[in-house]
Every structure is written in structure tokens, then in C-alpha cells.
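Engineer: Predicted model, plus sequence, below.
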Amino acid sequence: MASLSRPSAPLAYKGRGATYDPHNRFAPTHSVAEDDGWWQEETSTTLATEVREEPSKSALSWNHSPDLPFDRSLNPYRGCEHGCVYCYARPSHAYWDLSPGLDFETKLIARSGLVERLKEELCHPRYVCRPINLSGNTDCYQPLEARYQTTRRVLELLLACRHPVTLVTKSTLVLRDLDLLTEMAEHRLVRVFVSLTSLDANLKRTLEPRAASPQARLKVIRELNTVGIPVGTLVSPIIPGLTDHEIERILEVASRAGARTATWMLLRLPHEVAPLFEAWLEAHYPERAARVMSLIRQCRGGKNYDGQFGKRFRGEGVFAELIAQRFNRACRQWKLQPRTEQGLNTRDFQPPRAQGDLFY
């Protein structure tokens, strides 16, 4: 597969975050578009979403990262139609011979047979029950979920065998599953984290084009809290020079809506995400682009990104330390606790095979 290099003039596509398809770092060829002045056809600014199904070989993804609060996660979909231009998961699309750019948000993969693979793994004699994180890579409640309902079927299985789960989402579709989540909360089996990047609806339209609006996400927090589902907010990513001024206000409105926990992450720009984000800045905020990238590099030891454990989520340097201090102070003011997976019930877990023919 050939991918195009970064264009000199990034094009804003309607409802999409990326402005182009960067080169797939695993592709054997690399194409560069050149304008010779002869081609007159205008480029369409609308791109359709394509979906293909892929049989699941396994369900759980495991990690040994010292800076993550969970050691296993589950992702029903590859790619994400929300189109968040900063998404750290974009580079993973290259493993399927697709570009981390526009392909990531327009060429999606739905994993079939995922619930069956999960059931097999939960039945393994050496399986030890600890919370599973849903949306470790892409949002489990992205628009595709309304059609496939894989996330709902996963929750049904986890509820039936009393297995704890944590959810992270930017979508209002999570409210569809209030019946399951409410019952899971009664057994201390669930925590939901709603991601809030900015309260600026205009910024959100290009930064996270197909995710729910800030006000809709606050409504999700409010409704989850009202029915007794533990809910927190993930202020992520904090973008120096673009969204960091909103930290205190985001935590205030999240707390008032019912959030009880909060955590944050600094913008991460691994691999192809850095040029994608810079192209987005140039297309939508050209007057801020140089300042934003300068602040990011100040937080990353002079580079666009530093993936070291202990630094990748928080950064380093004076500006990163200031963000941490402001965040912690606002959390104390609004009585928001740090995110934790502790306290979820792992004692009542029963492997699916112990439930007879319940899942057939």
C-alpha cells in the first residue's frame, strides 16, 4: 500500500479530524503527490466511512506498564470514527496496512466473535479476575457500536459472571446501556470515565469532530451519577497553549455534574500523530501553531514526544509541573479523587462455564 506524504496545504475534510493520510511506516512504497498544473478536478471534502469485519483470534490485550492502572483491556473496534486528531492509537492502524491519518477514522474494523473469545479466556483455569478496561485503544461506544452492539454483549457477559470493568468514552451511547451498568454498579462491578478535552464547542468540532459535544458529555456524567453509577472524568489530552487554560473550569463543571474522580494526561504525539497534529494546527489554528508546538516540546525534553514510562502521560519541565499543580489544586477544591481501579468487586467472579448454558 502506498501512502501520500504530508501536503503543503492541509485540507480540512468535513467531519474528519485528520487532514491527510501520512505514510504508513510499514508500507514498502512511499508516494509523493506533485501538482503539475494539468489536473483540474476539485478534491472532495467529504469522505464516507467504510467498515470491514475481522474474526477475533483473542479478546484481551495485556500490558505490564507501570503507569497504567489496569493490566488488561478490550477493544471491540479498530480505528475510531470520532476522528480525534490527537489520538495516540492512530499509529496502530498501520499494522493493518492502513494509514494512521484519514484511514484511521474512515476505514474501520469490527471484530467479530469477540464475545466468544472473551468467554474462552475467562474460562481458562489460570485466569485471575481483575478489572478489564474497555476503550484502552479506541472508543467502545463510537458510532459503529449502535449497529454492532459488541460492547453491550461484552457487558452482558461480564455482568452474568460478575466480572468488574472500567469504561472510558466520549459518547452519549453509553446511556443506552444504563440497565446493565446500573445492575453492575449495585454489585460494585463498574466505573465509567467520561473524557473531557475542552468545553469549547467550536474547538471540539475540528479537534474531535464526531464525538459528543461537551455539554452532552456533562449530561452523561449527570445521568450516570443520578442512577448510582460511579463516574469520573478524564481530562485528556491537555494541550499546552490550546486547552490548558480550561483545566479549572472543566473540573468545576464535571464535579457539579456528579463526577467523583478525575485524572489527566498531557498530549501524546507518537509516530505519525505528530505531523498529523501539526497539519491540523496549520489548517485550523495557524496563528497558534508555533506557540503550541513550542510548549509541547518544552514539556517533552525538546522533542515532540517522549514515550518513557513516568513521562509519557505527564511530561516534564516547568510548564508540565505547573499543569500538574493546577490540576491537583482544582481537584482538592472540588473534592475530586484520583482515578483508581481499587474497590471494584473481584471476589464474586464465576467463570462462564459455571453458568451452565446461560451464554449459548
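Structural biologist: Received the coordinates, thanks. Residues are numbered from 1 along each chain as shown.

Engineer: Strands of the protein, residue ranges please.
Structural biologist: Here the chain has its strands, by DSSP state E, at 50-55, 60-62, 72-74, 77-78, 107-112, 132-134, 165-169, 190-195, 231-238, 261-266, 337-338.

Engineer: could these be laid out in TSV, adding mean neighbour count and distance to residue 178?
Structural biologist: Where you see a C-beta, it was placed from the backbone N, CA and C, and this is true even at glycine. As requested, the strands of the chain are exported to TSV (neighbours: other Cβ atoms under 10 Å; distance: least, Cβ to Cβ, whole Å):
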stretch	mean neighbour count	distance to residue 178
strand 50-55	12	26
strand 60-62	13	25
strand 72-74	20	20
strand 77-78	24	21
strand 107-112	19	23
strand 132-134	24	16
strand 165-169	24	12
strand 190-195	25	11
strand 231-238	24	12
strand 261-266	21	20
strand 337-338	12	23
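
Engineer: Out of these, flag the one nearest residue 24.
Structural biologist: Residue 24 lies closest, by Cβ to Cβ, to one member of those: strand 107-112, at 12.0 Å.

Engineer: Now the closest one - C-alpha only, PDB.
Structural biologist: What follows is strand 107-112, C-alpha atoms only, in PDB (Å, rounded to 0.1, in the frame of the first residue of the first chain):
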ATOM      1  CA  LYS A 107     -11.700   2.600   7.300                       C
ATOM      2  CA  LEU A 108     -12.900   0.800  10.400                       C
ATOM      3  CA  ILE A 109     -12.600  -2.800  11.500                       C
ATOM      4  CA  ALA A 110     -15.300  -4.500  13.600                       C
ATOM      5  CA  ARG A 111     -14.100  -7.500  15.500                       C
ATOM      6  CA  SER A 112     -16.500 -10.500  15.100                       C
END
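
Engineer: Out of the strands of the chain, which is closest to residue 305?
Structural biologist: Closest to residue 305 of the strands of the chain is strand 261-266 (Cβ to Cβ; 10.0 Å).

Engineer: what comes into contact with the closest one?
Structural biologist: With Cβ atoms under 8 Å, 6 or more residues apart in numbering as the test, strand 261-266 has contacts from 191, 193, 230, 232-238, 240, 247, 251, 254-255, 299, 313-315, 320, 323, 327, 331, 336-340.

Engineer: neighbouring strands for that strand, and are they parallel or not?
Structural biologist: Paired neighbours of strand 261-266 in the sheet (DSSP bridges): strand 231-238 (parallel), strand 337-338 (parallel).

Engineer: how many other residues sit next to residue 71?
Structural biologist: 17 (other Cβ atoms under 10 Å).
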